[in-house]
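Novice: Build me a model:
(2 chains)
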Amino acid sequence: MTSSRIGAAFALLGGCVLLVVAVVYAAEPAHALPSFFPGHAGGGSSEYGHHHLKHAIAAFAVALAAFAYAWFATGPKANAATTPS
Amino acid sequence: MISYLQAAILGLLQGIAEPFPVSSLGHGVILPRLLGWDIHQNDDFFLAFLVATHLATALVLLGFFLDDWKRIVRGLLRSLRAREVAGDDHDARLGWLLVVGTIPVGLIGLLAEKPLRGVFASPASAAAFLLANGVMLLLAERLRRRVVQTDSRGSDERIAGMTWRQAGLVGTAQAVGLVPGFSRSGATMSAGLLAGLSNEDAARFTFLLATPIIGAAALLKVPELLGSAGDGVRGPALLGAACAALTTYVAVRFLLRFFETNRLTPFGIYCVGAGLLLTIGFAAGA
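Specialist: Take a look at the predicted model:
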């Protein structure tokens, strides 16, 4: 497996994870987020019921960028460049 | 609240100061203090007002470069279909350079805008950062690469000659503009000069970079303008937006011509002078 293929695989995997993260941020209020998520709010916090829409958009944007990278890295030209003659 | 006269003045100021490398946010913090207006950056109604003026600025920028954006979007779609960014497809490459330059500042803006504004929204800190902005502009002119590209290629072709890394760094420089007093366009132009662009090309890349980021930031906050925070401010906001649109158009037109033959130096001198005077004035309790 070439380095560009490995990079594309990581980008694809990372993009999928970020897409899930974006959905979780958009769907769940701050108190219901997993505790390791930035923006998680415990009981008594002023952001208890707040939806972190901006975090969702940020995760979605990076996911799109990762998919775009994977798309180009596995394109015909990238394959031709890495295929031994 | 904000009166119609205040809205018109702040709208005119926003339209000029957004494309000029002198910090619209900084001037928006300082001017109300100088004029003794009871308006503060973090007031809900003022944020709603800013949404309208920024949206107007973004729409004018989009209209001004509409033909360029059409070419760029076609180039992006072309490259997605071909699954490669062809070396001779300058529109596609410019489009992806804009994407690469926009993502970092978009992320920083989404995650850090509110805390940054909260910490640095005072007129005194805006004045100090205005001074720092002037130093940044003057340093960028001083440190710029000596060989300025003035060949026969078109501006977009020269900009498309930047590396991905350079585009990312130039785009990321916009994040400095989140601090009131520092200019987003000034930081981008400065970074563009350091990346080897001419003043003219750096200004053009700056305005192209500004459109999606200002537009997206304003669109995200439209609910604030339409919600309760916008009650009583929508009329003045509309007037402010119209004033901002007018001056943005004039300012962009002026700057594109100005930078064909001129440099950032006059803006640097203005920021240093104004920043110094205001810092001393605020420290003295004026």
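Novice: just for the chain, where's the confidence low?
Specialist: You didn't pick a chain, so chain A it is. Scanning chain A for pLDDT under 70 picks out the ranges A:1, A:43-44, A:78-79, A:81-85.
Novice: meant chain B, my bad for not saying
Specialist: Using pLDDT under 70, the flagged stretches of chain B are B:145-152, B:286.
Novice: count of residues packed around the residue of it found nearest chain A?
Specialist: Closest residue of chain B to chain A, CB to the nearest CB: residue B:83 (2.8 Å). Placement of C-beta: from N, CA and C, glycine included. Residue B:83 has 15 neighbouring residues, counting by other CB atoms under 10 Å in any protein chain shown.
Novice: and after the longest helix seen in chain B, which helix or strand comes next?
Specialist: Secondary structure of chain B per DSSP state H: the longest helix is helix B:90-120. Remark: after helix B:90-120, the chain's next helix or strand is helix B:123-143, criterion DSSP states H and E.
Novice: still on that earlier bit, for the residue of chain B closest to chain A, phi and psi?
Specialist: phi 60, psi 30 (degrees, to the nearest 10).
Novice: wait, doesn't it sit right on residue A:75?
Specialist: Yes - applying CB atoms under 8 Å, one finds residue B:83 in contact with residue A:75, separated by 2.8 Å.
Novice: nearest spatial neighbour of residue 29, skipping sequence neighbours?
Specialist: Here I'm looking at chain A. Excluding the flanking residues, the one nearest residue A:29 by CB to CB, 6 or more residues apart in numbering or on different chains is residue A:49, at 4.9 Å.
Novice: ah, I was thinking of chain B
Specialist: Nearest to residue B:29 is residue B:126, by CB to CB, 6+ apart, at 4.2 Å.
Novice: just residue B:191 next, same as before
Specialist: Closest to residue B:191 by CB to CB, 6+ apart is residue B:173, at 3.8 Å.
Novice: Which single helix of chain A contains the most residues?
Specialist: Chain A, longest helix under DSSP H: helix A:3-27.
Novice: That one near chain B at all?
Specialist: No - on the criterion CB under 8 Å from any CB of the partner chain, helix A:3-27 is out of touch with chain B, staying 11.1 Å away.
Novice: Now that helix: buried residues?
Specialist: Buried positions in helix A:3-27, judged by neighbour count with 16 or more other CB atoms under 10 Å in any protein chain shown: A:4, A:8, A:11-12, A:14-15, A:18-19, A:21-22, A:24-25.
Novice: next structured bit after that helix?
Specialist: helix A:53-73.
Novice: and the angle for that next one with helix A:3-27?
Specialist: Angle of helix A:53-73 versus helix A:3-27, following axes from the mean of the first three to the mean of the last three CA atoms, to 10 degrees, is 160 degrees.
Novice: Give me the contacts around helix A:53-73.
Specialist: Residues outside helix A:53-73 that contact it (CB atoms under 8 Å, 6 or more residues apart in numbering or on different chains): A:4-5, A:7-9, A:11-12, A:14-16, A:18-19, A:21-23, A:25-26, A:38-39, A:78, B:79-80, B:83-85, B:99, B:103, B:106-107, B:110-111, B:220.
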